[in-house]
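K.L.:
Need coordinates for the following:
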Amino acid sequence: MGNNKNKHIRCAECRFAAADKKASDYTQKRCKTCDIRDTCGVCRGCKARGSCKARTNPKLKQSCERRQETVCSRQSLKWEAIQCGCPDSGYYRALLNVTPTGDRQKDVSWHGCPQGEKRCGR
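P.N.:
So this is what the prediction gives:
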């Protein structure tokens, strides 16, 4: 059949394939209080059931947004980017779950390279 050294380890099974947190796409979860800005309990400039003072005053708006960022800082992963971490590979630092046209994929579908190493237990 062939030499084992020429066999490509699929990127999905390679130990060098790892999550790239910076390239991943996150969505910010907002708390229910901040969904309706007019009745936001976070904005201290808001009246109980009236209009938001932060909308008319730029300084209050900036302060209000900072408070919202603090309260609503929980993020959830929307799309996890997977990157090649093998410095000897031609795919080094390439995102492995992106198509050549730049479309994001849920799973890694790249065929792999000769430098790939199978993960333990697979």
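
K.L.:
Tell me the spacing between the nearest residue to Lys7 once chain neighbours are set aside and Asp25.
P.N.:
The shortest distance from Lys7 to any residue that is not its chain neighbour, by CB to CB, 6 or more residues apart in numbering, is 7.7 Å, and that residue is Pro114. C-beta coordinates here come from the backbone N, C-alpha and C atoms, glycine included. Counting by CB to CB, to the nearest Å, the gap from Pro114 to Asp25 is 31 Å.

K.L.:
hang on, the earlier thing: burial of the residue nearest to Lys7, as a residue count?
P.N.:
The burial metric for Pro114, expressed as a neighbour count using other CB atoms under 10 Å, is 12.

K.L.:
which regions of the protein sit below the pLDDT cut-off?
P.N.:
Judged by pLDDT under 70, the chain has its weakly predicted residues at 1-6, 28-57, 60-75, 121-122.

K.L.:
Going along the chain, name the helices of it.
P.N.:
If you assign secondary structure with DSSP state H, the helices in the chain sit at 32-35, 58-71.

K.L.:
Lys106: how many residues sit nearby?
P.N.:
In terms of burial, Lys106 registers 8 neighbours under the definition other CB under 10 Å.

K.L.:
Quick one: neighbours of the closest residue to it other than its chain neighbours, just the number.
P.N.:
Once its chain neighbours are removed from consideration, Lys106 has its nearest residue in Asn97; the separation is 7.1 Å (CB to CB, 6+ apart). Counted by other CB under 10 Å, the residues lying close to Asn97 total 21.

K.L.:
ok, Asn97 to Lys59 distance?
P.N.:
Applying CB to CB, one obtains 43 Å for the distance of Asn97 from Lys59.

K.L.:
same deal with Cys11?
P.N.:
Counting by CB to CB, the gap from Cys11 to Lys59 is 50 Å.

K.L.:
Looking at these two, which has the bigger crowd around it?
P.N.:
For Cys11 and Lys59, the more surrounded residue by other CB under 10 Å is Cys11, and the numbers stand at 23 against 9.

K.L.:
My read is that the more buried one contacts Leu96, right?
P.N.:
Yes: between Cys11 and Leu96 a contact is recorded at 4.7 Å, counting by CB atoms under 8 Å.
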